[in-house]
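**Q** One predicted model, sequence on top.
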Amino acid sequence: MRQRHTLFEEFEYSGHWYLPEDPQRKVAGTVRFNNENGIWLRLLQSFRGTLSADVESLVRPWVILGVSDSGTQITLYQAARTGSFTSAAEEQPALFHANYMFLGHHFNPRSVICFSSLSVNFTYFEEWMGHATFKHQAGPHPPIYSAPEEVRVAPQSLEAEIRVHSTLRSEGDLLRSMETVHTGWLTINTGEYRNFAWYRKVLDSLQNFMTLLVGRPVYPRLVTAIVRTGEFDEWEPTREKTATVGVYFHQEFRTPTPPRRSHHQSAITEEVLIPLPNIASNLTSILYAWFEDAERLAPVYEAFFGALYNTKAYPQSQFLSLMQTAESFHRRTRPGKYVQEETYEEYRQEMVACIPNSVERDHRESLKTRLKYGNEYSLRKRLQELFAQYPARDLVRDLTEANPNFVNDIVGTRNYLAHLTDELKNKALFGPALLKANDDLRLILTGLLLRRLGIGGLTAYRAITERIERWEYLDWED
């Protein structure tokens, strides 16, 4: 499996481009990709001379096909024209932005963009695999290569097989130099062709999964997919040929910190929270739990990982996202009512009846709305319950013993940031104290999410405490 460009490189292809409904009208242009700005196609002329009379297809062509000067087939997917295009002149240049680019194959209608498998190499993935693939030898002898053992799991909640494997690629002039590159892959095999939207959703979910296990934000570095070519093998006429396609897209907040490569085998996983060797035997059940909770915990993941990826956010914004994560996690995993709904409804009606008639209508409706949610646990009680179920209780005890007012402090800070009133300001945390609270919240939430996957007890406790000083979540310089 080989791919020329990573999702962090800047590259361009010049060639000729056309819309699927009019392959005879080809327009010269150049497509450029970089991680900051995404995918842009600049044409020397517009597509106005196409046979299609549909203006929408000219302004928002779902697919644009191209052939580079070197013969590479390119598909731009979910494209839209930008800038002014009021002139009817065909000679008018045109600029398009696309959400996705596929290198190596032509797709036509959106319904046929399907893959049989998708492979991704994340940043830090080789470190997470926890295997020293090269061993140096003294003298002129080349290093010895040892491939990591392949891992295959099939979580039923995903209805697909996931492989953790690797490839070895060598290049050079074979006279003066040769470079050998080992790349780890996570491959999703479905056993059937599924549409790109399904793979994209799974890819995003696996990115969050790897971020949790690695202990810092990870990002897709290489993405390839297997597609049908529409051609059949001459020796086996019933066997349709396939092709490997490179997948490219823009990534938000994608400024990854390069892995700090170690020269010592014993330290190969020192930067990883939960390396693969620690959980390989339980990976099927762990991935099953992850995808089983995907819908239920979607708001939890959105808040938690969103805060981690957006490293440029203010500490106050980070704090609110983490508190939202904690509250949402409790809502979706624990009971959160003081009394039975039927009992509270009786209480609520009695309290509503006690509102004086002199209260204005708007005020009355406001009070009734507050009473409607009066049976919900308070934030303080939710946090106390989360602390009680935390797998590394020694760590929580250390946090609370060092600051017995920790829960009160973070609740007071949340209330102040939500309302910004002077009377709440004295109960809020600022500066280094706020940064420390963010750090502690990340530790607690990470432990809770690991336990949810079945990675609890001693494994999670050791992982967090032994790497706490190198914890990437806490590194505000990156």
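**A** In hand now; what should we look at?
**Q** Domains of this protein: list them as residue ranges, please.
**A** 11-110, 114-219+256-292, 299-336+377-474, 340-376 (automatic domain parsing).
**Q** out of those domains, which comes closest to Tyr248?
**A** The minimum distance between Tyr248 and the domains of the chain falls on domain 11-110, with 4.4 Å, by CB to CB. (C-beta placed from N, C-alpha, C; glycine too.)
**Q** what about the closest one, distance to the chain center?
**A** A distance of 28 Å separates the centroid of the chain from that of domain 11-110, by CA atoms, centre = their mean, to the nearest Å.
**Q** Looks to me like Met351 is in a helix.
**A** Yes - the assignment for Met351 by DSSP: H, G, I helix; E, B strand; the rest coil puts it in a helix.
**Q** need the contact list for the closest residue to it other than its chain neighbours.
**A** Using CB to CB, 6 or more residues apart in numbering and skipping the chain neighbours, the partner closest in space to Met351 is Leu371 (5.5 Å). Taking CB atoms under 8 Å, 6 or more residues apart in numbering, we find Leu371 in contact with 348, 351-352.
**Q** among the domains of the chain, which is nearest Arg4?
**A** Here domain 11-110 is closest among the domains of the chain (CB to CB), at 7.7 Å.
**Q** could you give the mean pLDDT of that closest one?
**A** The pLDDT scores in domain 11-110 average 84.
**Q** where's Pro140, which helix or strand?
**A** Using DSSP states H and E, Pro140 maps to neither a helix nor a strand.
**Q** State which helix of this structure is the longest.
**A** The helix that spans the most residues within the chain, counting by DSSP state H, is helix 431-452.
**Q** packing partners for that helix?
**A** helix 196-214, helix 298-309, helix 315-333, helix 379-388, helix 393-402, helix 406-419, helix 457-466 (3 or more CB pairs under 8 Å, 6 or more residues apart in numbering; DSSP states H and E).
**Q** shaky segments in the stretch 351-478 of the chain?
**A** Residue ranges of the stretch 351-478 of the chain with pLDDT under 70: 389-398, 400, 456-478.
**Q** before we move on, the earlier item: now the domains of the chain in a markdown table, with distance to Val247?
**A** Below are the domains of the chain laid out as a markdown table (distance: least, CB to CB, whole Å):
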| stretch | distance to Val247 |
| --- | --- |
| domain 11-110 | 6 |
| domain 114-219+256-292 | 8 |
| domain 299-336+377-474 | 20 |
| domain 340-376 | 43 |
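**Q** Now the nearest residue to Gly83 once chain neighbours are set aside: phi and psi?
**A** In this structure, Gly83 finds its nearest non-sequential neighbour in Leu95, 5.3 Å apart by CB to CB, 6+ apart. Note on Leu95: backbone dihedrals following degrees, to the nearest 10 are phi -130, psi 130.
**Q** who touches Leu95 in this structure?
**A** By CB under 8 Å, 6+ apart, the residues touching Leu95 are 40-43, 81-83.
**Q** again, only using 10 Å
**A** 29, 40-43, 46, 81-85 (CB atoms under 10 Å, 6 or more residues apart in numbering).
**Q** That one and Ser46: what is the separation?
**A** Leu95 sits 10 Å away from Ser46, taking CB to CB, to the nearest Å as the criterion.
**Q** One more: Asn278?
**A** Distance of Asn278 to Ser46, given as CB to CB: 56 Å.
**Q** before we move on, what about Asn37?
**A** For Asn37, the distance to Ser46 - CB to CB - is 22 Å.
**Q** The two - which one has more neighbours?
**A** Taking neighbours as other CB atoms under 10 Å, Asn37 and Ser46 compare with Ser46 leading, 20 against 11.
**Q** Name the nearest residue to the more buried one, ignoring sequence neighbours.
**A** Ala94 (4.3 Å).
**Q** That neighbour bridge partners, please.
**A** Leu43 (DSSP bridges).
**Q** about what we covered before: for the helices and strands packed on helix 431-452, give me TSV that also has mean neighbour count and distance to Val151.
**A** Listed next are the helices and strands packed on helix 431-452 as TSV, based on neighbours: other CB atoms under 10 Å; distance: least, CB to CB, whole Å:
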stretch	mean neighbour count	distance to Val151
helix 196-214	19	13
helix 298-309	20	24
helix 315-333	20	28
helix 379-388	16	32
helix 393-402	14	29
helix 406-419	18	39
helix 457-466	16	17
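**Q** Val112 is nearest to which of those?
**A** It's helix 196-214; of the helices and strands packed on helix 431-452, that one is closest to Val112 (CB to CB) at 9.9 Å.
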